[in-house]
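Got a sequence here, can you build the structure:
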Amino acid sequence: MGTPIFRIIFHIDLNAFFASCETILRPELQNLPLAITGEKSSKRGIVVTANYVARQYGVHSAMPLMQAKKKCPHLVVASANFDLYRKISQQFIQLLHEYSDQVEKASIDEAYVDVTHLYQEIHPLHLAQQIQQRIFNELKIGCSIGVAPNKFLAKMASDMKKPNGITVLRKRDLPHILWPMPIEEMFGVGKASSPKLKQLGINTIGDLVHYKDVDKIEQLFGHHALKWIENAKGNDQNPINPNKYEVPSSIGHSTTFSKDYCFDEEIKAEAKRMCIKTSNRLKKYGLYAKTISIQLKDTSFKQITRSQTVQVPIQSVNELYPIIEELFDEHWEGQALRLIGVNTTNLVNTNKVTQQLNLFNYQSFASEEKLNQTIQQIKTKHGTHLIQKGIQKGQK
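Below you'll find the model as predicted:
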């Protein structure tokens, strides 16, 4: 084989990763419907992910656990084990580094690998099969692999055959494989953007490629629009970045509503959903947050951001959401909203208090902690509005 005139990029996606990790510890669950949740209570639990057996019953991520059990009464439920997930994820990345130093970790269960340099030694398809088999043999997890000349096409390809598929997607394949796909299945186009694109008559990826009024799309979606079009044409030039998945300085999620949201129940439901996503990412990195912020944007695009700093760093949904709810109740004035966001900063890798205690402050610190616990218990039982801590005059 001669030197290729294009790159050879793999996107490797571990199938139903959290559920697959659980079956490593409990092989007897291999052929049973399994859901992973952050909280096993059927009243409040949310499905984080489900294995492919459970998906056949209609169980999917973000589904309330109570609903999942109605769809699949014999569903097995296991609590998330992020320490295990991180350990296996590290083993996954280490295995890929045996093939290339150009490995970009895209998330805990997926990565891009540039294998162009191996072109003369082994056919890309045979290499993909070899890596897939090694991951199964050594990690006991199935994976799907996309093979393409760039990251975007490799990502799209890996999603085409799940589980345990290998898909080659070349630029000459785009008109009959990629372009007929629905626009909402295009990587990078969010749930909020696809309905707006459809209003322009852009229902498929091909419609986006052939849309005449590019200026209109750019006006509506900014610089993202031009990137979408180039990606859809197969022209993604983004390099592999081995350092991209460094520990973040902030973690958060926001959502843009498809219509005006005016009622606090529906806004709070979205806020809790953002808290769940934020909590999952904090757990994924093994981080805790000291500063929690809420972002609100109304229909005139006026934006406000309010935050609260806690003494003991927090991580779980049950810790995040009461703070977000309190900030919302205090600062929302009843106006219609188009966006809500949750963000966490001042991230640390432990939830232990590091304040220096001494002979003069230990009693006040202990009292403060006891007061905080009492207030939180009252809020949990009777609501967030019933009690708040006072502040000294001049304190902010």
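
if we look at stretch 155-169, which residues are touching it?
Outside stretch 155-169, the residues within contact range by Cβ atoms under 8 Å, 6 or more residues apart in numbering are 11-13, 15-16, 52, 106, 110, 112, 124-125, 128-129, 132, 142-148, 153-154, 177-178, 185-187. Placement of C-beta: from N, CA and C, glycine included.

Can you turn the buried subset of those into a selection I can paste into ChimeraX?
To isolate the buried members of those in ChimeraX, using 16 or more other Cβ atoms under 10 Å:
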select :11,12,13,15,16,52,106,110,112,124,128,132,142,143,144,145,146,147,148,153,154,177,178,186
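
Among the contacts of stretch 155-169, name the ones in strands.
Using DSSP state E, 11-13, 106, 110, 112, 143-148 are the members of the contacts of stretch 155-169 that sit in strands.

quick one: least confident of the residues you listed?
By pLDDT, A106 ranks lowest within the ones in strands among the contacts of stretch 155-169, coming in at 92.

got JSON lines for the ones in strands among the contacts of stretch 155-169, with distance to Q90 too?
As requested, those are exported to JSON lines (distance: Cβ to Cβ, whole Å):
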{"residue": "H11", "distance to Q90": "19"}
{"residue": "I12", "distance to Q90": "15"}
{"residue": "D13", "distance to Q90": "17"}
{"residue": "A106", "distance to Q90": "15"}
{"residue": "E110", "distance to Q90": "14"}
{"residue": "Y112", "distance to Q90": "17"}
{"residue": "C143", "distance to Q90": "16"}
{"residue": "S144", "distance to Q90": "20"}
{"residue": "I145", "distance to Q90": "20"}
{"residue": "G146", "distance to Q90": "22"}
{"residue": "V147", "distance to Q90": "24"}
{"residue": "A148", "distance to Q90": "26"}
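
got the residue ranges for the strands in this protein?
Secondary structure of the chain, counting by DSSP E: strands at 9-14, 34-37, 47-50, 76-79, 103-107, 110-114, 143-148, 166-168, 251-261, 288-298, 303-314, 337-348.

Just checking: what are the partner strands of the fourth one?
It stands for strand 76-79. Each strand paired with strand 76-79, and its direction, by DSSP bridges: strand 34-37 (parallel).

cool, and the third one?
Applying DSSP bridges to the sheet, strand 47-50 is found paired with strand 34-37 (antiparallel).

so which of the ones in strands among the contacts of stretch 155-169 comes closest to I304?
Proximity of these to I304 (Cβ to Cβ) peaks at A106, which lies at 32.6 Å.

how about K196, what does it touch?
Contacts for K196 (Cβ under 8 Å, 6+ apart) come out as 220-221.

low pLDDT regions in the protein?
In the predicted model, the chain carries pLDDT under 70 at residues 1-5, 39-44, 245-247, 351-396.

how about the helices in it?
17-25, 52-55, 65-71, 82-96, 124-139, 151-158, 193-199, 205-209, 214-221, 223-232, 264-285, 317-331, 362-382 (DSSP state H).

Which one of those lies nearest to I294?
Across these, closest to I294 is helix 317-331 (Cβ to Cβ), at 4.5 Å.

what's the closest one packed up against?
The helices and strands touching helix 317-331, judged by 3 or more Cβ pairs under 8 Å, 6 or more residues apart in numbering; DSSP states H and E, are helix 264-285, strand 288-298, strand 303-314, strand 337-348, helix 362-382.

which of the residues in the first one are buried?
Spelled out, that is helix 264-285. By 16+ other Cβ under 10 Å, the buried positions in helix 264-285 come out as 267-268, 270-285.

ok, and what's touching that helix?
38, 46, 48, 62, 80, 82, 85-86, 107-108, 247-248, 251-255, 257, 261, 288-289, 294, 315-317, 320-321, 324-325, 328-329, 332, 337, 340-344, 347.

try 7 Å
Contacts to helix 264-285, defined as Cβ atoms under 7 Å, 6 or more residues apart in numbering, come from residues 46, 48, 80, 82, 108, 247, 251-255, 261, 288-289, 315-317, 320-321, 324-325, 328, 337, 340-342, 344.
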